[in-house]
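Asker: no FASTA, just this:
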């Protein structure tokens, strides 16, 4: 990934127009903050596109910047040059914010899959799934090499990590749990440091760096795949003050200007990554703070999505959104637009996932057709397991994994599996060491029919 080309200085463009006595005033004023297709273009993008009539690319950029500066909002967060970060709200941003307000906060989707989330039973199951998903993808963004399957097994089995990659993922999982517990607390520098310590435990070259700001002797830069420097963060001596300012911004202690909650969460993500206060783990900490901010402001659905999953699909776009801001007078609108697209895509993927889960449960219920007594005896966790067992003959189920998957206590998970094996004979129970494991049988359909008959005869 290359650093975007710095925009030309608008003052010099204006002087050039004045010296040429070119009549462009009306054309300049007709420029908006986006192009004719509603795109918020950086100079590195705009210079490759056809400018409006009578204008050169540089003149078009001048007119665009004039329009943007008239609509900028200044923030209490500042760049390296001590000037404030700014943003504006083109129509695309307003449209996305409206959609998010409808679909991630107080109101719910009308279709059944999203409404299933607020079911107190299914909610816990899907929440565990999302915590695991975000932990894995966020760690993989930072270089963790463990496969999704192995990582999920580690968390569900509760086993100790076997290498640095697995440790990163487990740390991320604990961090996501931590921010859920702290979502009603105001953000403080000590809370950010604790979050970083959780995220980086046993993964840093120097263990003492966990939960501590970088210092002047730490040579910290953001580099690309070949080692070229893309970004150098602010001086380390500024970090305590910058962190205080960041927390004040998160808690709304400074400015009286209204900033939409979603924009605030996105900017909190941006600011932590921009300050880069730690030797390592800055991206993971920034994304965790985004989740904290969204959850603390009532956007409950965000707990069930994974933004890191989407970011991992196009990491270069993620980095470039930062660099556009860095090279264009602290304009964070680029990053806001990028993150709004990421959030919408993550929510749409959640809807697809939930639709599939509902269909899977319907499949399990179809297997029980004509056996209402049996269906009534099985809880939603057992129905989900039955559906999986139908598709996976020979699969081994363990009590602690069932417990982790659904966020229930050990005894509840144990009862689920014992009931399915001992009472209904839907699973085979086998001794493995000192504990039992449960296996999906090859003749599951036959066993379901037998369980139905057994219940009919006993009624």
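Answerer: Ah, there it is. Being a predicted model, the structure only gives us computed values, none of them experimental. Residues are numbered from 1 along each chain as shown.
Asker: quick one: low-confidence residue ranges for the chain.
Answerer: 105-128, 253-255, 360-361, 364-365, 370-372, 459 (pLDDT under 70).
Asker: in it, which spans are strands?
Answerer: 73-78, 84-87, 222-223, 229-231, 396-397, 428-432, 435-439 (DSSP state E).
Asker: list the pairing partners of the first one within its sheet, with orientation.
Answerer: Each strand pairing with strand 73-78, determined using DSSP bridges, is listed with its direction: strand 84-87 (antiparallel).
Asker: can you check the fourth one too?
Answerer: In the sheet, strand 229-231 lines up against strand 222-223 (antiparallel) (DSSP bridges).
Asker: residues in contact with the closest residue to residue 236 other than its chain neighbours?
Answerer: Leaving out its chain neighbours, the residue that sits closest to residue 236 by C-beta to C-beta, 6 or more residues apart in numbering is residue 216, at 4.9 Å. For every residue, glycine as well, the C-beta is placed using N, CA and C. Counting by C-beta atoms under 8 Å, 6 or more residues apart in numbering, residue 216 makes contact with 235, 236, 237.
Asker: most neighbours, which of those residues?
Answerer: residue 236 (16 neighbours; other C-beta atoms under 10 Å).
Asker: and the gap between it and residue 219?
Answerer: 11 Å (C-beta to C-beta, to the nearest Å).
Asker: same thing with residue 345?
Answerer: With C-beta to C-beta as the criterion, residue 345 and residue 219 are 36 Å apart.
Asker: quick one, which of the two is more surrounded?
Answerer: Neighbours were counted for residue 345 and for residue 219 using other C-beta under 10 Å; residue 345 has more, 16 against 8.
Asker: so who does that one touch?
Answerer: If you count contacts by C-beta under 8 Å, 6+ apart, residue 345 has them with residue 310.
Asker: go on, the one 4 residues further on?
Answerer: With contact set as C-beta under 8 Å, 6+ apart, residue 349 has these partners: 305, 309, 310.
Asker: surely the last one is in contact with residue 339?
Answerer: So that's residue 310. No: Residue 310 lies out of contact with residue 339 (C-beta atoms under 8 Å); the separation is 9.7 Å.
Asker: residue 271 contacts residue 247, correct?
Answerer: No: applying C-beta under 8 Å, one finds residue 271 not in contact with residue 247, separated by 10.3 Å.
Asker: which one of these two is surrounded by more residues?
Answerer: Ranked by neighbour count (other C-beta under 10 Å), residue 271 and residue 247 place residue 271 first, with 23 against 19.
Asker: where's that one relative to residue 23, distance?
Answerer: Counting by C-beta to C-beta - residue 271 and residue 23 are separated by 43 Å.
Asker: one more: residue 297?
Answerer: Look at residue 297 and residue 23: by C-beta to C-beta, they are 49 Å apart.
Asker: which one's more surrounded, the two?
Answerer: residue 297 (17 against 9).
Asker: how about residues contacting stretch 448-459?
Answerer: Under C-beta under 8 Å, 6+ apart, the answer for stretch 448-459 is 367, 368, 370, 371, 373, 374, 377, 386, 424, 425, 426.
Asker: and it, what's buried?
Answerer: Residues of stretch 448-459 classed as buried: 448, 449, 451, 452, 454, 455 (neighbour count, 16 or more other C-beta atoms under 10 Å).
Asker: go on, stretch 166-178?
Answerer: 166, 167, 168, 169, 170, 171, 172, 173, 174, 175, 176, 178.
Asker: stretch 30-41 too?
Answerer: 31, 33, 34, 35, 40, 41.
Asker: with distance to residue 150 added, can I get the residues you listed in TSV?
Answerer: Shown next, in TSV, are those (distance: C-beta to C-beta, whole Å):
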residue	distance to residue 150
31	53
33	47
34	45
35	46
40	40
41	42
